[in-house]
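Trainee: based on what follows, work out the 3D shape:
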Amino acid sequence: MKWVEVQVECYEGYRSRETPRRLITEDAVIGVKEILDRWYEGGVRGGSVVLNYFKVRGDNGKIYLLRYNALFDRWVMAV
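Mentor: Residues are numbered from 1 along each chain as shown. Okay, here's the model as predicted:
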């Protein structure tokens with residue numbers, strides 16, 4: 001699987017970058033219509049980076065897999 005950097009606008013609740021609301025790619029702005037799944041990886045052992053994953057449905061009907069790295073404040077999308 002290849003990952004490419006993407007801009008993501010998020011809902012900012014009591015935590016920053018809580019849930020994605022809009023994806024901004026080179027070609028389009030895609031609203032997030034529905035969050036289908038969400039899971040975490042890492043952070044169990046000291047020093048490991050926590051990665052947040054989101055499987056979302058865009059307002060264009062397509063499914064996207066997003067990953068957020070809080071350490072670097074960076075979003076990527078699977079292509």
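Trainee: how about the residue lying farthest from the centre of the chain, phi and psi?
Mentor: The C-alpha centroid of the chain is most remote from Gly46, which lies 23.2 Å away (C-alpha atoms, centre = their mean). When read as degrees, to the nearest 10, the backbone of Gly46 gives phi -60, psi 130.
Trainee: how near is it to Arg67?
Mentor: Per C-beta to C-beta, to the nearest Å, Gly46 is found 21 Å from Arg67. The C-beta positions use only the backbone N, C-alpha and C, and glycine is treated the same way.
Trainee: and if you look at Val56?
Mentor: Between Val56 and Arg67 the computed distance is 12 Å (C-beta to C-beta).
Trainee: are there residues contacting both of these two? Which ones?
Mentor: Between them, Val56 and Arg67 share no contacting residue under C-beta atoms under 8 Å, 6 or more residues apart in numbering.
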